[in-house]
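Q: Structure for the following, please:
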Amino acid sequence: MTQPDPKILDEITRLRTELDDANYRYYVLDDPAISDADYDRKLRRLQTLEEQYPDQVTSDSPTQRVGAAPADGFPEIEHAVPMLSLGNAFDDDELRAFVKRLGDRLERDGEQLTFCCEPKLDGAAVSLVYERGELAFGATRGDGRTGEGITSNLKTLKSIPLKLRGEAWPELLEVRGEVTMRHADFEAMNDKAREEGGKVFANPRNAAAGSLRQLDPAITRTRPLEFTAYQVARIEPDLGDATHSALMARLGTLGFRTSRELTTVTGSQGLIDYCRWLGEQRDALGYDIDGVVIKVDDLRLQRELGFVARAPRWAVAYKFPAQEQTTRLNDVEFQVGRTGAITPVARLEPVSVAGVTVSNATLHNADEIARLGVMIGDTVSIRRAGDVIPQVVRVLEEQRPADAREIVFPERCPVCDSAIERVEGEVAARCSGGLYCAAQRKEALKHFASRRALDIDGLGEKLIDQLIERDWVKTPAELFRLDAERLAELPRMAQKSSENLVAALEKAKQTTLPRFIYALGIREVGEATAGNLASHFGTLQALMAAEQDDLEAVDDVGPIVAAHVHGFFQEPHNREIIDDLLGCGLTWEEQEVVARPQLLAGETWVLTGTLESLTRDEGKARLQALGAKVAGSVSKKTACVVAGPGAGSKLAKAEELGVTVIDEAEFLTRLARWEAGDSDPTDQESAP
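A: As a prediction, the model looks like this:
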């Protein structure tokens, strides 16, 4: 097998990182970072590379998975039947190839197959479980295998029956569908929010997803949401329906809304004709769709065709081309995201794109502005395809006015005036005032108080929101100046709760240097890196004085991380807040600089499954301190795999390759021996 060029390896790694981040933000945070078209393009490129270099395929690649793990705030619900994604088709030829593929697998003429077609709704996917005719619970899609329980919110939707109609319903029924918002309702909701100074959503998909994840169902009840059923995941006992279209008709009799555009067709030409017809009807539907969902109608054939790793073989999603309109770019404003990313946003002459009035569009970053060659005053083409925010895709230079102005990217943060940091190899420019910047305040405080940072018991997200809304806390240091009497003024904060929080803040003042470094929220500095920095420099003062070359000498710190750390401590606002924190009484025992022998130098280890006595990052840091490299996948070069419960594919790969595997107890025994100075890591007494 040909070893790929290092540039190809770098591209594979970068694509996986970008796609994983996009999955996390889309499926978990309801805050998509890239358009569907960009996501599809990146995924296809990664699939192409992995097909060319199959040895580079890993079990955690986005091509082998569905999404990302759920966020905190709602109970986790494990789906009895995974909510998988669908493969894509983008043109007529790919539809024909899909039909031929099915025919070949079934050993019959694919052109004689019957397909059920319906619009691919662009909203939030949910699952509803009915027991003995009554709604038992509902959940979000999450990562496809585990979602979030949002039953109370789903019960507020009038299009979801709380009890099935009629009497001929099964003992158990699980229905999948999409929660959406019509264009007219979306515009009216946003107009009202603007009048009241409330939150305005970027598009109906975001509005639907955000409304479902409200902690207060009363808020969800005010949102104009609709549920449309599109799949029966489980039905017990089987009521004898032989086709998907028959099941959809049955759902209609049980009280569910199904698509009015659902129909059955035969063969590839039937699919092509339907997709063209629906594309022509798209603007008149009154709600967002981004394609067509196509399924083999015969349920017996669906079972025979089965599944691949991340999708059913018997279904495909045909994706419509993105829709575009032209308008004038009136100005550009620079926004600061909650992680400090500086994003240029084009202010446009309002124009209707895919049924939604668009007045803003993203320009992404300085590189994209340069690539487009766009100027203020230009006529630009705007694309919207269910995106977070529409994007400028091209400039009509022939229509450029004489008074067009250059877009100048700022050197300092428009929110806090801290220096803007640009790291070589990264596209995004970022505000360096992480602890000081108001735009990053909430995330900075949440991270600072989190369990693995200062571990401030009782200081959760809702309380942080209240503190920020009242402008009581602007920096982490101001947390330590709160008193019980003032905290008791907050809703649901009785005197006892206030006193407990003040006590927790006092307790948090006694910490460790690694925790303090981690709590600062320096970009790309996790627990393991924070521990390595503390071990290497010994004191906070030495770390703050370190030059970039000094930082790059630390285990697991490369040029990019070193630049982040150096830039963070060079920013005066950050240094002021650190001084303020120390002035509030935060303290720790000085870190002893330990130069352990590199007993595992040159070895590659893999940690997989659940570890009970320490976190993955802690285990990684201890291995790295002994000279080992810790990898995310198993290969012939792997020296040892530490496998906890739920190890899965990495354990299987290790056993297949004959790689040494040990459990957590043996891992801890070996660590203790090596860290005590035992120079023989291959002691046969503890060998597996």
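Q: who's in contact with Leu102?
A: 110, 113, 296, 305, 313-314 (Cβ atoms under 8 Å, 6 or more residues apart in numbering). Yep, even glycine has a C-beta here, placed from its N, CA and C like the rest.
Q: The same query, at a cut-off of 6 Å, please.
A: The contact partners of Leu102, by Cβ atoms under 6 Å, 6 or more residues apart in numbering, come to Gly110.
Q: Same question for Gly340.
A: Going by Cβ under 6 Å, 6+ apart, Gly340 touches 430-431, 440.
Q: cutoff 7 Å now
A: 430-431, 434, 437, 440 (Cβ atoms under 7 Å, 6 or more residues apart in numbering).
Q: Out of those, which one has the lowest pLDDT?
A: Lowest pLDDT within these is found at Gly434 (73).
Q: In the stretch 51-200 of the chain, mark out all the helices, start to finish.
A: Counting by DSSP state H, counting those that start in this stretch, the stretch 51-200 of the chain has helices at residues 92-106, 151-154, 183-196.
Q: between the ones you listed, which one is nearest to Gly648?
A: The closest of these to Gly648 is helix 92-106. By Cβ to Cβ, the value is 27.4 Å.
Q: What is the distance between that closest one and the centre of its chain?
A: Remark: helix 92-106 is offset 32 Å from the chain centroid, using Cα atoms, centre = their mean, to the nearest Å.
Q: List the buried residues of that helix.
A: Burial within helix 92-106, assessed by neighbour count using 16 or more other Cβ atoms under 10 Å, is assigned to 95-96, 98-99, 102-103, 106.
Q: Next: stretch 376-383.
A: By 16+ other Cβ under 10 Å, the buried positions in stretch 376-383 come out as 376-380, 382-383.
Q: Make JSON lines from the helices of the stretch 51-200 of the chain and add distance to Tyr318 and mean pLDDT to it.
A: Below are these laid out as JSON lines (distance: least, Cβ to Cβ, whole Å; pLDDT from 0 to 100):
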{"stretch": "helix 92-106", "distance to Tyr318": "6", "mean pLDDT": "96"}
{"stretch": "helix 151-154", "distance to Tyr318": "28", "mean pLDDT": "91"}
{"stretch": "helix 183-196", "distance to Tyr318": "22", "mean pLDDT": "88"}
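Q: Tell me which of the ones you listed approaches Thr264 most closely.
A: Ranking the helices of the stretch 51-200 of the chain by proximity to Thr264 (Cβ to Cβ) places helix 92-106 first, at 14.2 Å.
Q: So what touches stretch 500-509?
A: Residues from elsewhere that reach stretch 500-509, judged by Cβ under 7 Å, 6+ apart: 454-459, 479-480, 482-484, 487, 585-587.
Q: For the helix or strand containing Arg575, which helices and strands make contact with it?
A: Following DSSP states H and E, one finds Arg575 within helix 572-583. Other elements packing on helix 572-583 under the criterion 3 or more Cβ pairs under 7 Å, 6 or more residues apart in numbering; DSSP states H and E are helix 476-479.
Q: now with 10 Å?
A: Applying 3 or more Cβ pairs under 10 Å, 6 or more residues apart in numbering; DSSP states H and E, we find helix 572-583 packed against helix 476-479, helix 513-519, helix 540-545, helix 559-570.
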